[in-house]
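K.L.:
Next comes the sequence, and after it the predicted model I'd like to discuss.
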Amino acid sequence: MAEQPGTLLYYLKRSTEFLEKKEIPNPRVDAEWILSDLLNLPRIKLYSQFEMPLGQKEIDIYRERIVERSKRKPVAYITGKKGFHKFEYLVTEDVLIPRPETEELVDYLWKKKEELYFTEPSPLQIWDLCSGSGCIGLSLTQLLPSSVVTLSDLSEKAIDVSRRNAEKYNLTDRTNFYVSDLDSEVPNDLQFDLVVSNPPYIPESEKPEIMPDVLDYEPHLALFVSDFKEFHKRLLSAVLSRLNPGGKLMMETHPLYIEELEEMAKGLGFIGTKKILDSSKKERFFFAEVPPLS
């Protein structure tokens, strides 16, 4: 198709070429996502609108956002949202961008809900620990209708984002929010049937290996730990004290440290531990239970 100056296709091509020169991965895809968000059009609809002229305000905003992407700012932070599982969540630079791998954690629990006894009539009490945007806990709350979720995070700004996401899906009456270092500020009488978590688990020594899109923009508080063993021992101890008899834990973790995590959990008294592969065949997810009442 011949491109006409001033049209959607014209600016899409120029933006793609600009991002290519800046060595941005997947430049065309990123240019399309940014434009589809700006025009409030599904990305696939762009292909039927190539000859549509853009107004000067749209052109100016699009250029600004493409320049932001050329500086490695992630697309999700530019658009302020990210699709996750069956939903779409608001994101800011105060929270991690939800990852496809983390969707697999939600999907695993949802598909095994009957096997894991998540279909009981009484409300299922879920704790999303280190909740960030709230994407894990809020997704499960929508997928498991008879559930109530507690979201806790050390970052007050992250809790603000998760509260906005709960409001977006009308979940505030089924959601509790706490700014908390693990369970320190979570009321003592709150106990849970399921704890889910995507905590910080990357050792600080690995920072030089992290791509700049992540290292320069995403919150280090949610990514890195100075001492993996010490932090995760505190986390597991907090979870163990909060799970009801027969309760379950499902968390994302570092594939290189999952063996150490499993041994630590067994030593604390967890049973039924499992290392679960992600779609890349990496041992990314850790599952454990506490003993039921005898």
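P.N.:
Okay, I see it.

K.L.:
wait, what's in contact with Ile271?
P.N.:
Residues near Ile271 by CB atoms under 8 Å, 6 or more residues apart in numbering: 288-291. Yep, even glycine has a C-beta here, placed from its N, CA and C like the rest.

K.L.:
again, only using 10 Å
P.N.:
Counting by CB atoms under 10 Å, 6 or more residues apart in numbering, Ile271 touches 246, 265, 288-292.

K.L.:
If Glu252 is in a bridge, with which residues?
P.N.:
Phe285 (DSSP bridges).

K.L.:
still on that earlier bit, give the ChimeraX command for selecting the buried subset of the contacts of Ile271.
P.N.:
Buried residues among the contacts of Ile271 (16 or more other CB atoms under 10 Å), as a ChimeraX selection:
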select :265,288,289,290
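
K.L.:
Inside strands: which ones of the contacts of Ile271?
P.N.:
Secondary structure from DSSP state E places 246, 288-289 of the contacts of Ile271 in strands.

K.L.:
Could you dump these into TSV with distance to Ile126 and pLDDT added?
P.N.:
Output for these, formatted as TSV (distance: CB to CB, whole Å; pLDDT from 0 to 100):
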residue	distance to Ile126	pLDDT
Gly246	15	93
Ala288	16	97
Glu289	15	96
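
K.L.:
rewinding a little: could you find which two of the contacts of Ile271 are furthest from each other?
P.N.:
Within those, Ala265 and Pro292 form the most distant pair, 16.7 Å apart (CB to CB).

K.L.:
Report the separation between the most centrally placed residue in the chain and Ile136.
P.N.:
Geometric centre of the chain, nearest residue: Pro98, 2.7 Å, by CA atoms, centre = their mean. Distance, Pro98 to Ile136, by CB to CB, to the nearest Å: 8 Å.

K.L.:
For the two, list the residues in contact with both.
P.N.:
84-85, 106, 198.

K.L.:
now for those, which pair is the farthest apart?
P.N.:
Farthest apart among the shared contacts of Pro98 and Ile136 by CB to CB are His85 and Asn198. That separation is 13.3 Å.

K.L.:
Would you map the strands across the stretch 101-250 of the chain?
P.N.:
Taking DSSP state E, counting those that start in this stretch as the criterion, the stretch 101-250 of the chain carries its strands at 124-129, 147-153, 175-179, 192-197, 202-203, 224-225, 243-252.

K.L.:
Those into JSON lines, with extra columns for distance to Gln49?
P.N.:
Shown next, in JSON lines, are the strands of the stretch 101-250 of the chain (distance: least, CB to CB, whole Å):
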{"stretch": "strand 124-129", "distance to Gln49": "39"}
{"stretch": "strand 147-153", "distance to Gln49": "39"}
{"stretch": "strand 175-179", "distance to Gln49": "38"}
{"stretch": "strand 192-197", "distance to Gln49": "40"}
{"stretch": "strand 202-203", "distance to Gln49": "41"}
{"stretch": "strand 224-225", "distance to Gln49": "42"}
{"stretch": "strand 243-252", "distance to Gln49": "38"}
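
K.L.:
Thr79: which of the contacts of Ile271 is nearest?
P.N.:
Closest approach to Thr79 among the contacts of Ile271 (CB to CB): Ala288, at 36.3 Å.

K.L.:
from memory that closest one sits against Gly267, does it?
P.N.:
No. In this structure, Ala288 is not within contact of Gly267 by CB atoms under 10 Å, at 11.7 Å.
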